[in-house]
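Trainee: Quick one, structure for this:
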Amino acid sequence: MIDSKIGHELSRKIKALGLSSGGLDSILSALVLKKQGIDVTWISFTTPFFGCDAALKASELLGIPLIVEDITGVYLKMLAHPPAGYGKNMNPCMDCHALMFLRAGLVMKKQGFDFLFSGEVVGQRPKSQNKNSMRYVEKKSGFDGYILRPLSAKLLPETIAEKKGFVDREKLLSISGRSRKIQIHMAKQFKVKDYPTPAGGCLLTDREFSERLKDLMVVQKNFQEKDLFLLKYGRHLRLDENTKIVVGRSKSDNDSIMKLYIKQHDILIRHSSMPGPDLLIPSGACDTLVQKAASICAGYTKTKPGDFAEMKVRSKNGDRILRVPALSPAQFQHLMI
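Mentor: Model prediction:
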């Protein structure tokens, strides 16, 4: 005999909230549940380290509603001391997933969803997607039992959604490992053609970006959110523990740096007449370091090392010209981050 409360729950539309990266596994996990008549919504999170562009595209393509939440503040607190540690670089994958499920769980409770789900596949990633790490994520999230992984559900313990009959476990899957043959076959069955190829997507898995972030968090310590976005662009050199410079490598870098330039706080340096890089000093610097930064910037122009160049310095106090000797890259290579 069915419990009256459960019977009442099954008489209404069941609602599920799923973490979405916009990738194929996220798409398929949602479609598997939709096939069971479940009302599916996605949630995607943004920080300076990853965004939601792919999730937005998948949402538009499939007509699945998407909630987007910026979690930068709480993410940085976790990133400073992740209980499960980092991966190969500055990627705290297990605690990252736990935090995302925590935030999703709060939305679930507030908006009346019945359970959470994701496109995770057992064994697809050796550290963050094995049974032990998935169990860690559930317990750490605070929503133990509410997280369903439709693509690997039959390999994992029953969730509350399955026990309550919200989801038919027999219609879920038991995919494991790194091969994506099953998912590609499923995509054809669901007539899903436009999806991104598997990729990291998270800048924290990148070695160079991680070194720059570590320098910002460990050496400089005090920084603004803008400084995190700057980590993506140009060459980074540290002049002292409070002063770093960012030098554009290309026109694209220069354009990106200029978008993050705030005249009231930063100093911008470029050659006064010839093409070359833009150099940004976030939050400014003393005159001695501005002179040094100008010489480094001149070194990236066509000015010969040792020759003098006229460099335009722009700050909150207006523009001025500094005549400085151009340094050769070998003279400041040790400052590179």
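
Trainee: Please make it C-alpha for all contacts and neighbour counts, starting now.
Mentor: OK.

Trainee: Endpoints of stretch 136-151, how far apart?
Mentor: Stretch 136-151 has an end-to-end distance of 19 Å (C-alpha to C-alpha, to the nearest Å).

Trainee: in this structure, which spans are helices?
Mentor: Along the chain, counting by DSSP state H, helices occupy 4-10, 24-34, 53-62, 72-80, 93-111, 131-141, 160-163, 181-189, 207-214, 225-230, 251-260, 287-299, 329-332.

Trainee: Any idea which of these gets closest to residue 118?
Mentor: helix 24-34 (6.3 Å; C-alpha to C-alpha).

Trainee: Lowest mean pLDDT across the helices of the chain, which one is that?
Mentor: Among the helices of the chain, helix 4-10 carries the lowest mean pLDDT, at a mean of 55.

Trainee: how far away is residue 47 from residue 215?
Mentor: 18 Å.

Trainee: who has more neighbours, those two?
Mentor: When neighbours are counted by other C-alpha atoms under 10 Å, residue 47 comes out ahead of the other of residue 47 and residue 215, with 19 against 16.

Trainee: pLDDT at the more buried one, what is it?
Mentor: pLDDT, residue 47: 97.

Trainee: Without its sequence neighbours, what residue ends up closest to it?
Mentor: residue 72 (4.8 Å; C-alpha to C-alpha, 6 or more residues apart in numbering).

Trainee: What is the burial count for the one you found?
Mentor: Residue neighbour count, defined by other C-alpha under 10 Å, stands at 15 for residue 72.

Trainee: what are the bridge partners for the residue nearest in space to the middle of the chain, then?
Mentor: Geometric centre of the chain, nearest residue: residue 50, 1.8 Å, by C-alpha atoms, centre = their mean. Under DSSP bridges, the beta-bridge partners of residue 50 are residue 47.

Trainee: Tell me which of the helices of the chain lies nearest to residue 305.
Mentor: Across these, closest to residue 305 is helix 287-299 (C-alpha to C-alpha), at 6.4 Å.

Trainee: Can you show me the CA trace of that closest one as CSV?
Mentor: This file holds the C-alpha atoms of helix 287-299, laid out as CSV (Å, rounded to 0.1, in the frame of the first residue of the first chain):
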residue,chain,number,x,y,z
ASP,A,287,57.5,56.4,-8.8
THR,A,288,60.5,54.1,-8.7
LEU,A,289,58.5,51.1,-9.7
VAL,A,290,56.6,53.1,-12.4
GLN,A,291,60.0,54.0,-13.9
LYS,A,292,61.0,50.3,-13.8
ALA,A,293,57.6,49.2,-15.4
ALA,A,294,58.0,51.8,-18.1
SER,A,295,61.5,50.4,-19.0
ILE,A,296,60.1,46.9,-19.1
CYS,A,297,57.3,48.1,-21.4
ALA,A,298,59.8,49.8,-23.6
GLY,A,299,61.7,46.5,-23.8
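
Trainee: now it: how far from the chain's centre is it?
Mentor: 33 Å (C-alpha atoms, centre = their mean, to the nearest Å).

Trainee: hang on, residue 125 packs against residue 178?
Mentor: Yes - under the criterion of C-alpha atoms under 8 Å, residue 125 makes contact with residue 178 at 7.2 Å.

Trainee: Just list the residues touching residue 45, thanks.
Mentor: 51, 52, 68, 69, 70, 71, 100 (C-alpha atoms under 8 Å, 6 or more residues apart in numbering).

Trainee: Now residue 156. Nearest residue, chain neighbours left out?
Mentor: residue 131 (7.6 Å).

Trainee: burial of that neighbour, as a residue count?
Mentor: So residue 131, with other C-alpha under 10 Å, has 17 neighbours.

Trainee: just residue 314 next, same as before
Mentor: Using other C-alpha under 10 Å, residue 314 has 17 other residues around it.

Trainee: related to what we said a few turns ago, hmm, the residue nearest to residue 47 is touching residue 78, no?
Mentor: No - between residue 72 and residue 78 there is no contact under C-alpha under 8 Å: 10.0 Å.

Trainee: For residue 285, give its distance to residue 308.
Mentor: Residue 285 is 22 Å from residue 308, by C-alpha to C-alpha.

Trainee: ditto for residue 275
Mentor: Counting by C-alpha to C-alpha, the gap from residue 275 to residue 308 is 16 Å.

Trainee: Of those two, which one has the most company?
Mentor: Legend: neighbour count by other C-alpha under 10 Å for residue 275 and residue 308, higher for residue 308 (16 against 11).

Trainee: can you pull up the bridge partners for that one?
Mentor: Going by DSSP bridges, residue 308 forms beta bridges with residue 325.
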